[in-house]
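In: Give me a model of this one.
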Amino acid sequence: MTPTTLTELAEPQQAVQDEAHSLAAAVEPFAVAADRANEVHPEVLGLLRDSDLCQLVVPKAYGGRFDEVDPLAVCVAREVLMATCSHLDSLFALQGIGSYAITRGGTDEQRARWLPSVATGESLAALALTEPVAGSDLRSITTTVEERGDGLGLRGHKAFISNAGAADFYTVLAQEPAGLSLLLVPADAPGIDVTPTPELIAPHVLGDVVFHDVSLPADARLGPPGKGLDLVLSTLAVFRVSVGGAAVGLAQAALEEAARHARTREQFGRPLARLGPVAGHLADAWADVAATRLLVYRAAELAREDPLRHLDHSSLAKLAATEAACRVVDRCVQVMGRWGLVRDSKIERCYRQARPMRIYEGASEVLRLGIAKRLCEEVV
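Out: Numbering: from 1, shown residues only. Modelled structure (predicted):
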């Protein structure tokens, strides 16, 4: 434990943290190249598969580590992985984000077909919600599913989908007369086209997925017709808080980099760390990291008890941690000065990777609306 990580973990989560550190160390030589890539980096994927970390995102009955998915263990893993390689963190997290609806609402056959290979990393998962004109407002999606004969037909256009083109299956939100439903769609089903999206400031395996009248069996739904949004909210309740864990890890990495620089870089006859304004940046950054880590871990413990009941706590942790990460990284770039601007340096990568975290899996503004509504409902 370093001086900036004053949080004790129970033995199972400590074991996860140790394994994540081992994996991160193995990935470190590939981290810069992987974080530049818009496609899956084979060495990073191979090392993830060789580890046991993907077991964290499925239940023990299907090859997982714990009886049920443990949000705290996922947060701990993401905190370590994101500090080293955004691409590694994304590959790991999407295994859970794309498959959790199968865990929650799938049939025994669907779970047996996909979850064991998710646990080994053999099958890559993706969750397809966003559309060209529907982002945070999921009720306005236009992708449709209709019953036809003894099967289903899926039409629509999903945009900015993580793992698009790399995934072995998609869980897809679509409209039907009963409401919003979630479909389990194999990536090799005829009628699926994938095109790349514009390159982002922090490169990512991302693409648009178009479903051209894709034929699916009648049992392709996850859960009952019209109950897809419940499964999406369950996924967010478990994995949104883990974005907070990743944000804490990114902020921690930036803080440690800035602290090393401030200890050794001298200006005006003394180390930067002994100059008042620099010391203030470092102290404020540490306060942000420490406070948000405690909030994230507590929210993850609540999500373990009852994910949907504590969705607001997951949202609160994600909001606080991602906003704090941007503040921390910005301060650390300032401490580093010109060295913080060097392309592909640790601190510059942190700067680019922190900004998107305030948008995906719940933009900060949308989270604030939900959090404020819940607060006002609870105040008597």
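
In: make it CA atoms for all contacts and neighbour counts henceforth
Out: Will do.

In: Could you pull out the helices in the protein for me?
Out: In the chain, the segments counted as helices under DSSP state H are 11-27, 31-36, 42-50, 71-84, 86-105, 108-120, 228-264, 276-305, 311-336, 346-354, 364-378.

In: In contact with residue 47: list those residues for me.
Out: Taking C-alpha atoms under 8 Å, 6 or more residues apart in numbering as the criterion, residue 47 is in contact with 23, 26, 27.

In: export the residues you listed to JSON lines and tack on pLDDT, neighbour count and distance to residue 33?
Out: Shown next, in JSON lines, are the contacts of residue 47 (pLDDT from 0 to 100; neighbours: other C-alpha atoms under 10 Å; distance: C-alpha to C-alpha, whole Å):
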{"residue": "23", "pLDDT": "98", "neighbour count": "23", "distance to residue 33": "16"}
{"residue": "26", "pLDDT": "98", "neighbour count": "15", "distance to residue 33": "14"}
{"residue": "27", "pLDDT": "98", "neighbour count": "22", "distance to residue 33": "11"}
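
In: Same list, these, but as a markdown table with distance to residue 116 please.
Out: Compiled in a markdown table, those are given as follows (distance: C-alpha to C-alpha, whole Å):
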| residue | distance to residue 116 |
| --- | --- |
| 23 | 21 |
| 26 | 24 |
| 27 | 24 |
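
In: between these, which is closest to residue 294?
Out: Taking C-alpha to C-alpha as the measure, residue 23 is the one of these closest to residue 294, at 24.0 Å.

In: mind pulling up the phi and psi values for residue 39?
Out: Main-chain dihedrals, residue 39, degrees, to the nearest 10: phi -140, psi 170.

In: Let the chain start at 52 from now.
Out: Sure, I'll start numbering at 52, so the last one becomes residue 90.

In: count of residues packed around it?
Out: Look at residue 90: counted by other C-alpha atoms under 10 Å, it has 18 neighbours.

In: so it makes contact with residue 250?
Out: No: contact between residue 90 and residue 250 fails when scored by C-alpha atoms under 8 Å: they sit 11.3 Å apart.

In: can you put the helices of the chain in a markdown table and add distance to residue 205?
Out: Formatted as a markdown table, the helices of the chain follow (distance: least, C-alpha to C-alpha, whole Å):
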| stretch | distance to residue 205 |
| --- | --- |
| helix 62-78 | 38 |
| helix 82-87 | 33 |
| helix 93-101 | 30 |
| helix 122-135 | 32 |
| helix 137-156 | 18 |
| helix 159-171 | 18 |
| helix 279-315 | 15 |
| helix 327-356 | 32 |
| helix 362-387 | 30 |
| helix 397-405 | 34 |
| helix 415-429 | 29 |
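
In: I'm done for today, thanks for sticking with me.
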